Every structure is written in C-alpha cells, then in structure tokens.
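Asks: Fold the following and give me the result.
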Amino acid sequence: MATDTITQAPPRERLYKTSRKLKRTVRIAYPAGMGRMVLHTELDWDKGIEAVSVSEDGNISTFELEADQPFLYFKPCLVEEDGSVHWSQGSNKLLLLEESDQRIVYPFFFSPENGRFSELIEFPSAILDRPHQLRVYLPPGYEENTLATYAVAFMQDGQNLFFPEEAFLGQTWEVDQTSKTLRAMSLVDDFVIIGIRSGDRMKEYTAPGYEAYARSLAEEIVPEAQRKLRIGNDRRHRSVWGSSLGGVVSFYTVWQYPEVFGVGVCMSSTFSHKDNLIERVLTEPVPDVGFYLDSGWPGDNYEVTMAMAMALVSRGFRYGHNLFHLSFPNAVHDEASWGMRLHLPMQFMNGAVARAARMTSGRVLGESPWS
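Replies: Below you'll find the model as predicted:
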C-alpha cells in the first residue's frame, strides 16, 4: 500500500485540559471520485477517523470529533480505492472545539504548498483609454480543489505587492508570505488577490481623476475577474485596498460603489490632500460598507486618518463592526511598513474568530460589511 511520507510532531506534554469532553462536527469538501476522506488528529496520528456522513454528490464529508481540551490539530487524508493514502498539503489544521461548524475545510493533496502568481495580464480600458495591467495571486490548491470559492482583494499599486524587481525601491508588501503565515496558523480564510498596476497615480488616485478610475475598477475589472476566477459573487466578498494615495482611491471606490464593493482597506491615506472625502462622509447618506483605516506616527498621515475615523463615527459607523482604526507609533510611510501590518485587516475581514463572532451575534453572512 502506497502511503505519503508524513512527519508529525512528537506528542506534546498536556498543558490544557477541560473538565468535560467537548464535541463538534467538521466538514471537509473535496471533489468526488478520487477516493474517500478520513481524518487524523493529534490524539492518535496513526488512527484514521471515518466520516459519519457524506453528501449525496460525494463532495462533502462530515466528521464528529471530541476531546477533553479546547482545540485539536488534524489532517484530512484522501484514501484511494487501492488503499493509497495521501495526507493533505500544508500545515496541520487547527480545530477549535468551541466554534460552531460554519466554515468548510477545502484541502488539497497533489498541489504545491505555496500559492502562485499569474503572468502579467493586460487588457484595454475604454473608460481610461489605456490598458490595465494586473497580476493575480491564487491560493495553493486553487486548481485542484475546485469546490472552493474565495473572497477577492483588489489592491492598488500592484507593482509593489509581490516582486522586489518590480517594486518601488525594491520594497514589496510580501503579500504571499503573509498569506502563507496566516494559512499555517489556520487563522484566516484565503483570498484571491488582484494587484492593479497604477498608471498616473497623481491623476487617477485623486479628485477628479479617481472618478473614472473607480468606475473602470467597478465596471471593467470586476466583471473580468468574475468571469475568469472562482471568487464570490456577492459585493461583501470584494474589498479594495491601498496605501497613501492608493488608500484615498480605495476609500472613494467603496463609498461611490457600495453595490459592487463591501470593504475598503486604507493605509496611511492622504485624506483631504486632493479629495473631498471627509466632507462627503459628513454630508451624504451613509452606504452599507465597512472600512479599515490605519497610519503610522509621526509624519504618516496620522492626523487626517484620525479625522476620517472620527467623521465615520459621527455618522454612525461602529468600531469593531464596520470600522476599524489603528495607529502605529514610529511606523514610517513605505511598503515595508504596510506589508508588516497587512495581517491585521486580513484578520479583521476574514479571520476565524472575527467571522465566528459576527455569526453568533445574530448577524448572518451578508448582513455585515465584514462578513
């Protein structure tokens, strides 16, 4: 019998124990026809746990687990008809026994552990009268486990996100490394990330030029992405990210097109430099969207970011629900700083604890901009 070679961590000393057994179910989704799914857990890595039920189409297997501790590490395994066993790629999965069974696990077995980047994609924009240049980051297992759909992050200044040879001063946001770390922690559901290369930043990221740019993002880039990628079709699955002037155009885009986008992530944004966004927040009807705002201090648009956060609060935005604001002492205005704190908005938007809190507070998926 062929079996993948897997090195598991040695048994650890028991530091945590509950007074009673905790039980929960977990669902594993993988395309039918390759074999049956079993689970192995840290309670006994050599013992396979069989599913208690399988969906009619064979795509989703449900397991019941219990332990006298509040968490378990586990691995999905694929057993072929000839008895060959394949352990899922990547780090062991963390299962929280107190969490309700809301999030489906999408393992992969035959793909690399790291995500991949597309070639540079170019297509014409009739609105901007120039070509768009995009590069897409696809999470690991994207091609293999075709049952999974993903939230999508549209990020400005795409040349600064991934590769040092393309980035300003060779500094990137290291998006793929942050995603890999959060995945290893079982902390955040994966994103598809679309890096949009900037054209004339001073024109297209400020008023009035950002009007055409945002329209192009909403009416040209989003439909193209929906056609070609396995991403959620609800606006709340779409977020727009940027820093400095890119944060301004991201805010404008979400405020202007709340029917297309659910969340804006705006780092070190130059609000009121060449825009009227604070005035719009104070005077216009409030859209059903959410924002993450941050800045460094001093000299990193700290004051205007605080002013925008206060303007949003004055209009009824609730901290922790549809608004997050953070300041970072001594953080500077560069790609390295933005990349270092990239994990924060990722956790606020798509983190396990954040999503569970929204669900258990009576708001279901689709009722909160952060869902």
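Asks: Tell me the confidence at the closest residue to residue 98 other than its chain neighbours?
Replies: Once flanking residues are discounted, residue 98 sits nearest to residue 70: 6.1 Å by Cβ to Cβ, 6 or more residues apart in numbering. C-beta here means a position set from N, CA and C on the backbone, and glycine is covered the same way. Listed pLDDT for residue 70 reads 96.
Asks: what's the neighbour count on residue 70?
Replies: 14 (other Cβ atoms under 10 Å).
Asks: can you count the residues close to residue 323?
Replies: Residue 323 has 21 nearby residues by other Cβ under 10 Å.
Asks: check contacts around it.
Replies: The neighbourhood of residue 323, defined by Cβ atoms under 8 Å, 6 or more residues apart in numbering, consists of 290, 291, 293, 309, 312, 313, 317.
Asks: mind checking how far stretch 296-305 is from the chain centre?
Replies: Distance of stretch 296-305 from its chain centroid, counting by Cα atoms, centre = their mean, to the nearest Å, is 26 Å.
Asks: Switch the contacts of residue 323 over to TSV; also include neighbour count.
Replies: Output for the contacts of residue 323, formatted as TSV (neighbours: other Cβ atoms under 10 Å):
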residue	neighbour count
290	26
291	25
293	26
309	22
312	22
313	13
317	21
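Asks: For residue 13, state which of those is nearest.
Replies: residue 290 (41.9 Å; Cβ to Cβ).
Asks: can you pull the pLDDT of that closest one?
Replies: Confidence score, pLDDT, at residue 290: 97.
Asks: Hmm, it is touching residue 262, no?
Replies: Yes. Counting by Cβ atoms under 8 Å, residue 262 is a contact partner of residue 290 at 6.6 Å.
Asks: Can you find the helix or strand in the protein with the smallest mean pLDDT?
Replies: Of all helical and strand segments in the chain, the minimum by mean pLDDT, DSSP states H and E falls on helix 352-360, at a mean of 81.
Asks: CA atoms only: put it into CSV for me.
Replies: The C-alpha coordinates for helix 352-360 follow below in CSV (Å, rounded to 0.1, in the frame of the first residue of the first chain):
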residue,chain,number,x,y,z
ALA,A,352,-11.8,32.7,12.1
VAL,A,353,-12.6,34.5,15.4
ALA,A,354,-13.9,37.6,13.7
ARG,A,355,-16.3,35.6,11.4
ALA,A,356,-17.5,33.4,14.3
ALA,A,357,-18.2,36.5,16.4
ARG,A,358,-20.4,38.0,13.7
MET,A,359,-22.3,34.8,13.2
THR,A,360,-23.0,34.2,16.8
